[in-house]
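> mind looking at a prediction? Sequence and model below.
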Amino acid sequence: MSETKKSSGNIVHYLKKNDIQYFGGSMIADRKHALIVLLFISLFLVVIPASGDSISFTDALGREITLDKPAERIGFQFYGVGEALKIVGAWDKVVARDGYISDEQFYPGFENIPAINPESGEMDLDYEKIVEIHPDVMVIQNEEWYADKVKEAVETLDPEIKVVVLDFVNPNTMAENFIKLGQITGNNQKAQEFADYYAGIVSPIQKKAGQLSESEKPSVLIKAAGYSADQLCTYGSGMAGWENILAISGGKNAAHDLSFGFGDIDPEWLMSNDYDVLIDEIWNIYYPESFEYQASDPQNARAKGEELRNQIMSQEEFSGSTAVKNGDVYLVDHALFGTIRQVVLIPYLAKWLHPEMFGELNPEAIHQEYLDRFIGADYNLKDVGLFVYPE
């Protein structure tokens with residue numbers, strides 16, 4: 001017998017074809033009785049909840065998450081999560097924010113939203129303030145080197161405040177995390193739109209680079225942005241996001257044998273290990289006049305970029321490497337690593353590592369489209385600071 005699916009409130013009801021005829025009056029003596037029956041059913045649908053409209057998924061920690069409905073009030077830790085919320089059109093739902101964000105064009109009205117951690121302490125959460133604000137959902141980035149603090153946040157807040165851990169750093173799970181954020185916010189269409197956009201840029205690179213043999217993949221060392229400009233640190237194999245970014249781009253991590261996610265590297269280790277490409281990750285707080293969107297003198301920014309590149313190439317710990325000898329040394333702004341803007345970084349890396357395969361890529365154009373289409377920020381990349389040097 002055929003069935004027609006109907007929904008109302010939180011319940012999904014199935015009415016057989018004959019039942020529809022029944023309510024149409026063919027088996028009821030008069031319309032009055034039909035209306036009484038329909039009224040009874042409508043009341044039944046309102047007062048008896050069911051799980052049909054609830055939201056269920058698994059978060060980045062493997063926890064089963066169930067929400068009765070999309071969140072209306074959202075708190076977040078980590079500025080990359082804030083960027084994702086902006087992309088899916090849920091910035092107007094944010095009631096508690098990460099303290100690091102400072103760009104009014106990316107995050108309109110951010111100064112009027114309470115910060116729940118300090119600018120330089122992303123996992124130093126103010127639990128009392130979060131409880132006071134009481135968002136429906138608190139979204140936290142899955143930080144590999146802060147695993148204990150992520151666990152602490154879950155145990156401290158949940159279940160009184162629902163905590164969802166997502167990952168907007170690992171490219172292999174980026175699309176699925178956007179879909180989950182779409183479910184949380186109720187903005188599924190925009191989440192799917194960006195997931196498709198991201199895959200449309202990254203997947204062709206991954207497919208093409210996947211044809212390379214291991215011997216054809218350059219080894220890449222990153223001097224990661226540290227707590228001071230001269231700190232020697234890197235990302236080891238424990239940083240899955242970086243390892244996967246490199247794999248997609250056709251490279252491999254020169255520090256793969258170091259098991260930590262983020263950590264200091266011994267100068268002797270640097271001088272005794274060789275690599276083909278050197279990436280210097282620049283944290284713009286050390287050079288705000290030269291990097292990112294707030295810098296307003298592109299010519300001065302390029303001069304600073306050349307100065308910094310020459311500095312690292314002449315530094316004793318790096319100067320003997322194949323990367324320096326061949327001039328394969330690049331500066332990359334921190335924001336392209338730690339946010340969804342890796343959709344810009346991956347094309348840059350692919351082009352640097354394999355110019356013969358990816359010479360047609362235009363990462364700057366991708367970056368500009370990202371800003372115009374998904375962020376809505378009024379920035380012209382020709383008029384701002386550096387994000388990579390040289391291109």
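That came through fine.
> how's the chain carved up into domains?
3-52, 55-198, 211-389 (automatic domain parsing).
> how about the ones you listed in TSV, adding distance to Pro204 and mean pLDDT?
Any C-beta I mention is one placed from the backbone N, CA and C, and that applies to glycine too. Shown next, in TSV, are those (distance: least, CB to CB, whole Å; pLDDT from 0 to 100):
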stretch	distance to Pro204	mean pLDDT
domain 3-52	38	34
domain 55-198	12	95
domain 211-389	10	96
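> now the ones you listed in JSON lines, with mean neighbour count?
Formatted as JSON lines, those follow (neighbours: other CB atoms under 10 Å):
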{"stretch": "domain 3-52", "mean neighbour count": "12"}
{"stretch": "domain 55-198", "mean neighbour count": "19"}
{"stretch": "domain 211-389", "mean neighbour count": "18"}
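> between these, which one is nearest to Ile205?
Judged by CB to CB, the one of the domains of the chain that comes nearest to Ile205 is domain 211-389, at 4.9 Å.
> re earlier: possible to save the domains of the chain as CSV with distance to Ile205?
Formatted as CSV, the domains of the chain follow (distance: least, CB to CB, whole Å):
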stretch, distance to Ile205
domain 3-52, 40
domain 55-198, 10
domain 211-389, 5
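> quick one: end-to-end length of stretch 87-103, please.
End-to-end distance for stretch 87-103, by CA to CA, to the nearest Å: 15 Å.
> hmm, I was thinking of stretch 155-163
9 Å.
> can you tell me what sits against that stretch?
Stretch 155-163 is contacted by residues 65, 67, 71, 75, 127, 130-131, 134-138, 140, 153-154 when judged by CB atoms under 8 Å, 6 or more residues apart in numbering.
> could you look up the SS state of Ile140?
strand (DSSP: H, G, I helix; E, B strand; the rest coil).
> residues touching it, list them.
Ile140 neighbours (CB under 8 Å, 6+ apart): Phe76, Gln77, Phe78, Val81, Val150, Ala153, Val154, Val163, Val164, Val165, Leu166.
> try 7 Å
When contacts are counted by CB atoms under 7 Å, 6 or more residues apart in numbering, Ile140 touches Gln77, Val150, Ala153, Val163, Val165.
> before we move on, what about Ile282?
Applying CB under 7 Å, 6+ apart, we find Ile282 in contact with Ala225, Phe291, Leu331, Val332, Asp333, His334.
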